[in-house]
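Asks: Have a look at this fold, sequence not included:
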Ligand SMILES: NC(=O)C1=CN([C@@H]2O[C@H](COP(=O)(O)OP(=O)(O)OC[C@H]3O[C@@H](n4cnc5c(N)ncnc54)[C@H](OP(=O)(O)O)[C@@H]3O)[C@@H](O)[C@H]2O)[C@@H](O)CC1
Ligand SMILES: Nc1ncnc2c1ncn2[C@@H]1O[C@H](COP(=O)(O)OP(=O)(O)O)[C@@H](O)[C@H]1O
Ligand SMILES: [K+]
């Protein structure tokens, strides 16, 4: 963001002009929700506070009764200019009052814990029943990591300025932001470290398609039969032409269309027509399970590694394997286990996923309410999915969808993005308190909505 702003300024746009765009753009939203009711703006000492004075002046000109509370005087030239342009009263103390409160205490410049008067204001805001708007990011939050550095009220609306910051898609703050809107600043593109996943457009099989061209997914089963069956069901409904379960057990509950192959796993996986392999759900963690994981990886096919298999992965297991074809799908606990196995240390989810990708070359889909994908190219964030996805087996469904998408085109990051969207859409269609089986059986209806 700083680089983008610098590039805009090098190209002749002043910081003041950028602040005016930001403040006026945000004021437009504030006006729409305040609709003439009283507003209070909390201003910090930096340029986030500067935005606040611009918003306050814009509302004042529209005829609002605006109060401004600023515990400290502005500390930057541009914020001082914004302060001097505001024609209303500024108080250094007081409580946030009014139907709408606009929080401009800190933006991406927050560098340490919020304390004293600032923390007091955020606490008062948290307990107030006003409509709460955060400008750029909620003020008690580190904008690159989403880490809380101070009180975090539940906002009704967060207005990101110029571009999304990473915190907009990371827990815990993501859940406290209310609706999110982007105020455009028309900044020049200045490199990109992360992006928000765009809704994918999927297509029906071409006219001359056949089952193998749509993709043959091999799901490697282990000791527990239920989980891989969920993955198979999801893979069939996510567009794969053919799904085979590689298992040494009998599966009386398996659907008729699922082909089960027993005996030599390595030999079965050497079938050239197999276009992706999924290993992990229900695999177990025994030596035998480890052997099955190695067979899956040694097949050289694009591979999705999930669940139990994530506890078996280490440097030895991936030695000599083309890791650019592997997708791992850890939840928080599995991510911690992977980091331990690969000697990765980082104090937040995004950095853990990034470092794990750097060390191993694998594509990392770090799951949870704030799912992140790190693979080739920039990190990818997603809008939140239904919280009903927090049900046992939901990850098995996701893994099956990824395997199906991977079988279709072989691109790990693209497969993860498509799968997360399908998973979220299947959850939306399934309503409340669905089972993982119901989720899996909604995947084809979800797919239809992306055609
Ligand atoms: N640049 C641009 O072109 C544009 C930027 N824009 C806006 O600027 C925002 C970024 O502004 P910013 O960089 O001035 O930082 P900001 O978030 O206001 O805070 C820094 C100030 O807070 C202070 N401070 C920090 N932590 C503290 C603590 N715990 N407790 C107390 N104080 C603390 C810190 O003091 P210091 O650390 O220097 O002692 C400094 O004074 C951005 O989010 C967007 O809203 C838009 O207008 C578009 C154009
Ligand atoms: N609160 C939540 N909001 C949105 N998605 C969630 C939430 N909790 C879990 N999920 C999603 O549900 C899935 C759960 O996967 P996982 O933890 O592996 O479950 P399981 O091992 O039981 O299948 C993941 O895709 C995760 O992103
Ligand atoms: K803020």
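Replies: Received, thanks. Source: prediction; values computed, not measured. Ligands and ions are numbered 1, 2, ... in the order given.

Asks: ok and the residue in the chain nearest ligand 2?
Replies: Going by C-beta to the nearest ligand atom, ligand 2 is nearest to residue 395 of the chain, at 2.2 Å. C-beta here means a position set from N, CA and C on the backbone, and glycine is covered the same way.

Asks: If you count neighbours, what's buried in the helix or strand harbouring that residue?
Replies: Per DSSP states H and E: residue 395 is located in helix 394-409. Buried residues in helix 394-409, counting neighbours by 16 or more other C-beta atoms under 10 Å, are found at 394-408.

Asks: Report the two of these separated the most.
Replies: The most widely separated members of those, counting by C-beta to C-beta, are 394 and 408 (21.9 Å).

Asks: From residue 224, how far off is residue 393?
Replies: From residue 393 over to residue 224 the distance is 11 Å, taken as C-beta to C-beta, to the nearest Å.

Asks: no no, residue 389
Replies: For residue 389, the distance to residue 224 (C-beta to C-beta) stands at 21 Å.

Asks: Please identify which of residue 393 and residue 224 sits among more neighbours.
Replies: residue 393 (19 against 15; other C-beta atoms under 10 Å).

Asks: so that one makes contact with residue 436?
Replies: Yes - Residue 393 is in contact with residue 436 according to C-beta atoms under 8 Å; the separation is 2.7 Å.

Asks: got any residues that touch both of the two?
Replies: residue 230 (C-beta atoms under 8 Å, 6 or more residues apart in numbering).

Asks: and this structure, which residues reach ligand 2?
Replies: 307, 331, 367-369, 371, 384-385, 387, 389-390, 392-396, 398, 423 (C-beta under 6 Å from any ligand atom).

Asks: Mind doing that once more with 8 Å?
Replies: 227, 230, 281, 306-307, 329-331, 334, 367-369, 371, 384-399, 420, 423-424, 427, 436 (C-beta under 8 Å from any ligand atom).

Asks: any idea of the mean pLDDT for the helix holding residue 395?
Replies: The pLDDT scores in helix 394-409 average 98.

Asks: other SSEs contacting it?
Replies: Where contact means 3 or more C-beta pairs under 8 Å, 6 or more residues apart in numbering; DSSP states H and E, helix 394-409 is packed against strand 216-220, helix 226-237, strand 274-279, strand 303-305, helix 412-430, helix 436-441.

Asks: Kindly compare burial across the ones you listed and name the winner.
Replies: Across these, the average number of neighbours (mean count of other C-beta atoms under 10 Å) peaks for strand 303-305, which reaches a mean of 31.

Asks: OK, contacts around residue 237?
Replies: 440, 441, 442, 443, 444, 447.

Asks: ok, 10 Å please
Replies: By C-beta atoms under 10 Å, 6 or more residues apart in numbering, the residues touching residue 237 are 243, 397, 400-401, 404, 422, 426, 440-447.

Asks: Max pairwise distance over the residues you listed: which two?
Replies: Farthest pair in the contacts of residue 237 (C-beta to C-beta) is 243 and 445. Separation: 18.1 Å.

Asks: Just to check, residue 79 is in contact with residue 22?
Replies: No - using C-beta atoms under 10 Å as the test, residue 79 is too far from residue 22 to be in contact (11.9 Å).

Asks: so where's the chain shaky on pLDDT?
Replies: 190-192 (pLDDT under 70).

Asks: Enumerate the residues of it near ligand 3.
Replies: Contacts of the chain with ligand 3, taken as C-beta under 5 Å from the ion, map to 103, 135, 139.

Asks: Now the buried members of those residues.
Replies: Buried among the residues of the chain next to ligand 3 (16+ other C-beta under 10 Å): 103, 135, 139.

Asks: can you redo the residues you listed as JSON lines with distance to ligand 1 and secondary structure?
Replies: As requested, these are exported to JSON lines (distance: C-beta to the nearest ligand atom, whole Å; DSSP: H, G, I helix; E, B strand; the rest coil):
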{"residue": "103", "distance to ligand 1": "11", "secondary structure": "strand"}
{"residue": "135", "distance to ligand 1": "6", "secondary structure": "strand"}
{"residue": "139", "distance to ligand 1": "8", "secondary structure": "coil"}
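
Asks: Can you pull the domain assignment for this protein?
Replies: The chain breaks down by automatic domain parsing into domains covering 2-191, 211-448.

Asks: Serialize those to JSON lines and add fields for distance to residue 204.
Replies: Output for the domains of the chain, formatted as JSON lines (distance: least, C-beta to C-beta, whole Å):
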{"stretch": "domain 2-191", "distance to residue 204": "31"}
{"stretch": "domain 211-448", "distance to residue 204": "9"}
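
Asks: right, and those - which one's nearest residue 202?
Replies: Closest of the domains of the chain to residue 202 is domain 211-448, at 6.3 Å (criterion: C-beta to C-beta).

Asks: now the closest one, how far from the centre of its chain.
Replies: 18 Å (C-alpha atoms, centre = their mean, to the nearest Å).

Asks: again, but for stretch 150-160
Replies: Distance of stretch 150-160 from the chain centroid (C-alpha atoms, centre = their mean) equals 18 Å.

Asks: can you pull the buried residues of that stretch?
Replies: Buried positions in stretch 150-160, judged by neighbour count with 16+ other C-beta under 10 Å: 150, 151, 152, 153, 155, 156, 157, 158, 159, 160.

Asks: Among those residues, which pair sits farthest apart?
Replies: 151 and 160 (20.3 Å).

Asks: From start to finish, how long is stretch 194-213 in a straight line?
Replies: End-to-end distance for stretch 194-213, by C-alpha to C-alpha, to the nearest Å: 33 Å.

Asks: Check which residues of that stretch are buried.
Replies: 194, 197, 202.
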